[in-house]
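1. Provided below are the primary sequence and the corresponding predicted coordinates.
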Amino acid sequence: SFRSSSIIHTMSTVFDTQTLPMILCCMCGTAIPSNPSNMCVNCVRSQVDISEGIPKQLNVQYDRSCGRYLNPPNHWTECQLESRELLTICLKRVKGLNKVKLVDASFIWTEPHSKRLKVKLTIQKEAFTNTILQQVFVIEFVIQNMMCDQCHKTEAKDTWSSVVQVRQKVDHKRTFLHLEQLILKHGAQANCLHLKERPDGLDFYYSHKNHSRKFVDFLQAVVPIRYKLSDKLVSHDEKSGTANQKTTFSVEIVPVCKEDLIFLPHKLAQQAGGISPLMLCLKVGTQLSLIDPLTLRGLDVPTQTYWTHPFVAPFSAKSAILYQILDITPAGPVSGKYALADVQCVRESDYSTTFFTRTHLGRFLKPGDWAYGYDLSTANFNDSEVNMKGRQMPDVILIKKGYPETRRKNRQRHWRLGQLTNKEEEETDKKKADQAMRDRELFLRDLEEDKDLRAQYNLFKTEESTDVFQKNKEDREGDMAENEEEFPDVELEELMDELSLAPVYDDEDGDNQ
């Protein structure tokens with residue numbers, strides 16, 4: 001093994017080496033300058049080993065499922081090869097370093113798949129009076145595979161002690177797609193053992209009740225919810241007074257999503273100053289942001305207010321149809337980025353009937369554009385809360401601008417989203433699978449068309465992002481003859497270089513995801 005040593009003399013008085021008398025080494029008889037040990041360097045090196053008592057081969061435990069090393073006594077740390085954190089873990093395992101002075105420590109390169117780590121140490125110790133010996137040697141660490149407690153629980157599948165059941169009573173998955181991206185961006189899935197997909201939501205399993213409560217607090221900060229807490233006794237020990245119980249957090253998300261058309265209860269509309277009950281949802285956060293598309297009056301509904309006066313959303317984005325704008329005239333009022341305008345439009349599927357309506361999208365539309373909207377002229381309302389109280393029901397409510405010509409070309413996307421890889425999906429039939437794909441496609445389209453929305457998430461480049469983006473840009477420039485503005489695509493500057501998620505612990509083969 002690699003080993004070298006040298007002598008450092010320390011004396012109270014410094015003499016010039018030329019004035020020191022020459023003596024013979026007491027071991028080999030070689031003529032040397034006088035020194036306290038009376039031995040030459042080679043003899044000192046052969047007689048004294050200051051690294052004695054320090055092991056030259058040790059073991060270090062590594063969990064390949066989560067990519068973490070055991071940091072004694074029971075803490076697991078994620079670190080890269082030849083990193084400062086890994087060097088600290090290795091030095092903690094070396095016994096006897098407290099008897100010497102550690103001068104330097106560094107890694108010697110080894111093959112990543114060799115299961116070996118080599119650390120070169122430089123130490124100093126006083127071998128004789130006023131004689132300090134410095135020595136360099138190598139310690140080899142053998143990497144042993146070992147599972148951490150968290151991975152053990154993940155593999156066992158039944159060792160969870162707390163579960164968060166998130167539900168939303170709607171016929172689509174758009175809210176959970178939105179929630180998935182927020183969870184990934186903020187790393188809220190770090191302590192989750194595994195996920196399980198349900199028909200109307202997700203179940204998040206945790207090993208500790210505090211982890212579940214922390215996740216519920218995160219949900220309260222991003223979406224309007226209410227929850228109930230229940231405990232189930234699994235077993236108990238009368239002698240020790242201990243009990244094993246499982247905790248369930250039942251979380252319900254408000255069944256209202258962005259671009260939903262809702263009807264406020266009469267009492268809530270009166271409390272808001274006699275506002276029109278017909279409202280459009282603009283944003284879902286810690287509260288619901290609503291707007292009257294006919295007058296631009298806005299209303300923020302806190303979570304507690306909603307559960308006190310719940311209301312329905314008879315129209316969601318999946319039921320919107322495409323309209324073409326024939327004429328548009330500004331109507332005066334302006335509120336932020338919205339402007340009121342009178343619109344003439346026709347259905348894409350039927351040009352025989354012209355509709356006259358008012359919209360809040362006056363700044364975004366012009367004659368010849370396309371827009372998605374709800375057809376109220378043929379709708380039947382059975383809910384008693386759907387009451388306009390003397391106000392006239394419009395025939396059409398426009399919700400956003402559309403880009404049908406660009407969508408028909410099915411261009412390849414140059415970006416992608418992260419996914420929760422430890423999600424267990426229930427077996428579903430082909431119809432439900434197709435519905436899930438449509439919901440995801442609508443969600444991706446919303447991201448492309450809304451810059452403020454995608455600013456909340458992490459978007460990543462694909463392997464050929466630059467080439468695909470340039471090709472799509474050239475295709476759009478060649479289609480400028482069509483009566484459609486430039487498509488609001490995702491710019492390369494908005495994308496992250498690579499997909500790097502927090503480690504999850506669900507891989508049955510033991511590979512880190």
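-> Perfect, I can see it now.

2. tell me which stretches of the stretch 201-350 of the chain form helices.
-> 209-222, 266-271, 303-308 (DSSP state H, counting those that start in this stretch).

3. deepest of the ones you listed, which one?
-> helix 209-222 (a mean of 17; mean count of other C-beta atoms under 10 Å). For glycine as for every other residue, the C-beta is placed from the backbone atoms N, C-alpha and C.

4. returning to what we had before: lowest average confidence across the helices of the stretch 201-350 of the chain, which one?
-> Of all these, helix 266-271 carries the lowest average pLDDT, namely a mean of 88.

5. list the buried residues of stretch 435-442.
-> By 16 or more other C-beta atoms under 10 Å, the buried positions in stretch 435-442 come out as Gln435, Ala436, Asp439, Leu442.

6. next one: that stretch to chain centre, how far?
-> Here stretch 435-442 shows a centroid-to-chain-centroid distance of 21 Å under the convention C-alpha atoms, centre = their mean, to the nearest Å.

7. outside of it itself, list whatever touches it.
-> His172, Lys173, Arg174, Leu177, Ala317, Lys318, Thr428 (C-beta atoms under 8 Å, 6 or more residues apart in numbering).

8. next one: stretch 31-39
-> By C-beta under 8 Å, 6+ apart, the residues outside stretch 31-39 that reach it are 7, 9, 11, 17, 20-27, 40, 44, 47, 127-131.

9. rerun at 7 Å
-> Under the criterion C-beta atoms under 7 Å, 6 or more residues apart in numbering, residues 9, 17, 20-27, 40, 44, 128-131 lie in contact with stretch 31-39.

10. where does pLDDT dip in the chain?
-> 1-18, 153-154, 156-158, 382-390, 406-410, 421-429, 476-487, 498-513 (pLDDT under 70).

11. can you pull out the helices in it?
-> For the chain, applying DSSP state H gives helices covering 41-47, 84-92, 149-156, 174-186, 209-222, 266-271, 303-308, 404-408, 430-449, 451-454, 465-478.

12. one step back: to Phe355, which of the helices of the stretch 201-350 of the chain lies closest?
-> helix 266-271 (25.4 Å; C-beta to C-beta).

13. now for that closest one, which elements pack on it?
-> Of the remaining helices and strands, none touches helix 266-271 by 3 or more C-beta pairs under 7 Å, 6 or more residues apart in numbering; DSSP states H and E.

14. alpha carbons of it, as PDB, please.
-> What follows is helix 266-271, C-alpha atoms only, in PDB (Å, rounded to 0.1, in the frame of the first residue of the first chain):
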ATOM      1  CA  HIS A 266     -78.800  33.600  -3.000                       C
ATOM      2  CA  LYS A 267     -77.600  34.300   0.500                       C
ATOM      3  CA  LEU A 268     -73.900  34.500  -0.400                       C
ATOM      4  CA  ALA A 269     -74.700  36.700  -3.400                       C
ATOM      5  CA  GLN A 270     -76.600  39.100  -1.200                       C
ATOM      6  CA  GLN A 271     -73.700  39.200   1.400                       C
END
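
15. can I get the helices of the chain in a markdown table including distance to Pro488?
-> What follows is those, written out as a markdown table (distance: least, C-beta to C-beta, whole Å):
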| stretch | distance to Pro488 |
| --- | --- |
| helix 41-47 | 74 |
| helix 84-92 | 43 |
| helix 149-156 | 41 |
| helix 174-186 | 19 |
| helix 209-222 | 25 |
| helix 266-271 | 34 |
| helix 303-308 | 31 |
| helix 404-408 | 10 |
| helix 430-449 | 6 |
| helix 451-454 | 7 |
| helix 465-478 | 11 |
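
16. which one of those helices lies closest to Tyr351?
-> Here helix 404-408 is closest among the helices of the chain (C-beta to C-beta), at 14.6 Å.

17. and the furthest pair within the contacts of stretch 435-442?
-> Ala317 and Thr428 (21.7 Å).

18. okay, the two: which has more neighbours?
-> Ala317 (22 against 13; other C-beta atoms under 10 Å).

19. for the residue nearest the centre of the chain, which non-adjacent residue is spatially closest?
-> Closest residue to the average C-alpha location of the chain: Leu184 at 1.9 Å, with C-alpha atoms, centre = their mean. Using C-beta to C-beta, 6 or more residues apart in numbering and skipping residues adjacent in sequence, the residue nearest Leu184 is Gly418, 4.6 Å away.

20. which phi and psi does the one you found have?
-> phi -80, psi 160 (degrees, to the nearest 10).

21. hang on, isn't it packed against Asn458?
-> Yes. Assessed by C-beta atoms under 7 Å, Gly418 is found in contact with Asn458 at 6.4 Å.

22. spit out the residues that contact these two alike.
-> Common neighbours of Gly418 and Asn458 (C-beta under 7 Å, 6+ apart) are Leu184.

23. got a list of what Asp260 touches?
-> Cys281, Ala313, Phe315, Ser316.

24. quick check: the gap between Lys318 and Arg438.
-> 7 Å (C-beta to C-beta, to the nearest Å).

25. and if you look at Ala339?
-> 32 Å.

26. if Gln144 is in a bridge, with which residues?
-> Here Gln144 sits in beta bridges with Gln61, going by DSSP bridges.

27. typed the wrong thing, it's Leu361
-> Beta-bridge partners of Leu361, as defined by DSSP bridges: Ala339.

28. okay, now it: neighbour count?
-> The number of residues packed near Leu361 is 22, by other C-beta under 10 Å.

29. from Ser34, how far out is it?
-> 97 Å.

30. go on, Lys209?
-> 73 Å.

31. before we move on, what about Arg116?
-> Taking C-beta to C-beta, one finds Arg116 at 45 Å from Ser34.

32. those two: who's more crowded?
-> Arg116 (14 against 10).

33. and the closest residue to the more buried one other than its chain neighbours, its phi and psi?
-> For Arg116, ignoring the flanking residues on the chain, the nearest one in space by C-beta to C-beta, 6+ apart is Thr110 at 5.0 Å. Main-chain dihedrals, Thr110, degrees, to the nearest 10: phi -130, psi 160.
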